[in-house]
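1. only geometry, no sequence info:
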């Protein structure tokens, strides 16, 4: 293992930090430290705001995204190391349960690959058959500058290869010294502790800059042991490892450790900006309570270069990036490691260590994934008039993936299993988008996007090509044409009408298209054990792909009515929406003619099952409500309230079944108080029971629950202290999208002898946790 912080970034960061750190806490500040910078909604080239260089370009005014505000970012950074969880209070957004830093966002019932997630302008892809390294996991909460969600009807300039919408995450922008300020040296250091799981971490950010050149570093580390639920939720303490047991309230395989580093250099001459970022993330382990495997190493390295300029005719932006991911999975400390006859066989509660590895002795199940992701974008905005803007751009992406599992013994012998070999997925896109104001009360946005998505993969190999069902499956897969090319067309039309300054009405129509992923098309083996390892849904089932899948086509209509005070003191918005998806990639019980587990499984519920991806038809509709109000009370301070209510209904039109993992009706209300240096919030959460479940996947129902969270912060000069309590009353509950509990025991099989893992046990939510965080700006 590498040390928590590699030496080179610290050698850069510490000299940048020391000149100002000594007096940062004890010297009064001339002004309070600025909140986290956000992307400006301006067409201008990067202007200076104080010492901050604002690096954003104007987003479509007629398709305003939901954004995590600076105040919420400040509050939540001390409470979570999971960047996706920062989105939890936005309308229409829910989260699939996963590892401690890797929740998977869902927008109005559509999740994961159906969302385009851009991290600092890069289109990142999970390189794992369990999606253990999703895009937002590569950005630490401490380094988030902007986090926005374009739900459903996203502009074509931000959409593409997605049907749910777009999430835009940006790091903190570069800082430059203002005119005459000389050299700017500033930053912050921080630390946090969370009681549930004994979690702790530290962050550092430092900048050394002049008026034209800026050098910065951001680093973070965080770790946690297993969390505990609000009460006993399982019948067994067995882990499959002799001498190691888990308490009945302990959420097995919920620990993690992560380390992040990013160096950035930027240059500006006032009208242009050139920026380069180099980053590295190292996750020594992130265990998974709703997957059969655990992440035991993940290293991402990335380079991201961007140029932006302003000209007489408008603006131009170009970006190029390269990312490399090396990923490793096996059974973590809470899951059985030794398998096959010499380990005691499948009926033994604990696997007995054995040697040598061979037909009768299996030492774990190592799984490796390696990917490279290279992309480039060019986009421009042409000012046609004071009221009209034309945006156009092109994008390229080249993605390569290898997924192989070395022989470890038992049924995983004698050769290396190739899940995906030489996987290729390349995208090329062009788009054009017009935004204008045909009348003072109207703003219109319309655009068209074309994408060519080409995918292919090389020949595969089983652990033993001579054993059924591999004999037939290998020959069938390798003998067929696997290359696929999709020609996808997106279109968006958004019109906003403002009859007066207190009311906006926005109507959106969109056609969105997404091509299947490499894992959806090219996973091929139908033996039960291999199928169980292909699963990013957290339901415990096994999956196999289909090379003949075609692209999903979604048609969405939404209407937003937004009442608000002209001064922003109150707001009430309602958004009903409807989406119909043709060729929706759902799952069916895999047909018996595929052999293996598909041929031997029996119908019925109450168990884990084996499925194949299939194109079907689906529809989703729902309603998002959002409200906000604040008032200044003399002698008390500012009192505020925000609220979000969500309802989504999703159904498979081909079978009549419910869609999987649809968030039941839910509401969130936050009461806030701010006075002087104090800031506090009381959060109330109510979630209905999840009764509308997918019978095809034997999805587990969950009960309703209510939670209370408490947060308080104090700012003293340049020191900020955050404290809070999550799940104040230590409620035992199951998040509706948390998945099936697979955090301990004999996880390699769908029907283990004994009680762990047992179908029907959902992953519980974390019990009460006290947390405290402190950071000092300098």
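-> Received it, and whenever you're ready, just let me know what you need. Remember, predicted model here, so these are calculated numbers, not experimental data.
2. contacts and neighbour counts: CA atoms only from here.
-> Noted.
3. list the buried ones in whichever strand or helix holds residue 485?
-> Here residue 485 sits within strand 484-500, counting by DSSP states H and E. Using 16 or more other CA atoms under 10 Å as the test for burial, strand 484-500 gives 484-486, 488-497.
4. for that strand, give me every contacting residue.
-> 62-63, 153-156, 160, 441-456, 504-515, 550-551 (CA atoms under 8 Å, 6 or more residues apart in numbering).
5. can you say which of those are buried?
-> Here, 16+ other CA under 10 Å leaves 62-63, 153-156, 160, 442-456, 504-515, 550-551 buried among the contacts of strand 484-500.
6. strands - which of those residues land there?
-> Per DSSP state E, strands hold the following members of the buried ones among the contacts of strand 484-500: 442-456, 504-514.
7. hmm, back to that, now the buried residues of strand 484-500 as TSV including distance to residue 226?
-> Below are these laid out as TSV (distance: CA to CA, whole Å):
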residue	distance to residue 226
484	43
485	44
486	43
488	44
489	45
490	44
491	46
492	45
493	47
494	46
495	49
496	48
497	51
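8. can you name the two of the residues you listed that are farthest apart?
-> The two members of the buried residues of strand 484-500 with the most space between them (CA to CA) are 484 and 497, at 42.6 Å.
9. in this structure, which helix or strand is least confident?
-> strand 48-49 (a mean of 32; mean pLDDT, DSSP states H and E).
10. just the element for residue 775, please.
-> strand 769-777.
11. direction included, what does that strand pair up with?
-> With DSSP bridges as the test, strand 769-777 is paired with strand 184-194 (antiparallel), strand 719-726 (antiparallel).
12. how far does the helix or strand following the first one sit from its chain's centre?
-> Looking back up the chat, that one is strand 184-194. Downstream of strand 184-194, the first helix or strand assigned by DSSP H and E is strand 199-209. Here the centre of strand 199-209 is set off from its chain's centre by 22 Å, with CA atoms, centre = their mean, to the nearest Å.
13. which other helices and strands contact strand 199-209?
-> Counting contacts by 3 or more CA pairs under 8 Å, 6 or more residues apart in numbering; DSSP states H and E, strand 199-209 is packed against helix 7-24, strand 184-194, strand 213-224.
14. what helices or strands is the last one leaning on?
-> The reference is to strand 213-224. Here strand 213-224 is seen to pack against helix 7-24, strand 199-209, strand 256-268 when contacts are counted using 3+ CA pairs under 8 Å, 6+ apart.
15. now with 7 Å, please.
-> Applying 3 or more CA pairs under 7 Å, 6 or more residues apart in numbering; DSSP states H and E, we find strand 213-224 packed against strand 199-209, strand 256-268.
16. and of those, who's closest to residue 115?
-> strand 256-268 (24.1 Å).
17. list the strands paired with that closest one, with their directions.
-> strand 213-224 (antiparallel), strand 272-286 (antiparallel).
18. highest mean neighbour count out of those?
-> strand 213-224 (a mean of 23; mean count of other CA atoms under 10 Å).
19. average pLDDT across that one?
-> For strand 213-224, mean pLDDT is 98.
20. tell me the angle that strand makes with strand 199-209.
-> Put simply, strand 213-224 runs at 180 degrees to strand 199-209, going by axes from the mean of the first three to the mean of the last three CA atoms, to 10 degrees.
21. got a list of contacts for strand 213-224?
-> 4, 13, 174-176, 197-209, 255-268 (CA atoms under 7 Å, 6 or more residues apart in numbering).
22. 6 Å instead, please
-> Taking contacts as CA atoms under 6 Å, 6 or more residues apart in numbering, the residues outside strand 213-224 that touch it are 176, 197-208, 255-267.
23. still on that earlier bit, out of the strands paired with strand 769-777, flag the one nearest residue 546.
-> strand 719-726 (42.7 Å).
24. and the contacts of the closest one?
-> With CA under 6 Å, 6+ apart, strand 719-726 has contacts from 709-714, 768-776.
25. burial of residue 634, as a residue count?
-> Neighbourhood size, residue 634 [other CA atoms under 10 Å]: 7.
26. can you tell me how far it is from residue 673?
-> 13 Å (CA to CA, to the nearest Å).
27. and for residue 770?
-> Distance from residue 770 to residue 673, by CA to CA: 20 Å.
28. over to residue 326?
-> Distance from residue 326 to residue 673, by CA to CA: 45 Å.
29. which residue, other than its chain neighbours, is closest to residue 713?
-> Leaving out its chain neighbours, the residue that sits closest to residue 713 by CA to CA, 6 or more residues apart in numbering is residue 722, at 4.3 Å.
30. now the strands for the stretch 1-150 of the chain?
-> 48-49, 52-53, 66-67, 93-96, 104-107, 110-111, 115-119, 122-123, 144-151 (DSSP state E, counting those that start in this stretch).
31. would you turn those strands into TSV with mean neighbour count and distance to residue 474?
-> As requested, these are exported to TSV (neighbours: other CA atoms under 10 Å; distance: least, CA to CA, whole Å):
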stretch	mean neighbour count	distance to residue 474
strand 48-49	14	60
strand 52-53	20	56
strand 66-67	18	47
strand 93-96	25	33
strand 104-107	26	32
strand 110-111	23	31
strand 115-119	23	32
strand 122-123	22	32
strand 144-151	22	41
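32. can you lay out those strands as CSV showing distance to residue 425?
-> As requested, the strands of the stretch 1-150 of the chain are exported to CSV (distance: least, CA to CA, whole Å):
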stretch, distance to residue 425
strand 48-49, 40
strand 52-53, 36
strand 66-67, 30
strand 93-96, 25
strand 104-107, 22
strand 110-111, 20
strand 115-119, 15
strand 122-123, 13
strand 144-151, 25
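33. for residue 681, find the nearest of these.
-> strand 66-67 (18.5 Å).
34. partners of that closest one, with directions?
-> Counting by DSSP bridges, strand 66-67 is paired with strand 144-151 (antiparallel).
35. confirm for me that residue 740 is in contact with residue 536.
-> No. Residue 740 is beyond contact range of residue 536, at 11.8 Å (criterion: CA atoms under 6 Å).
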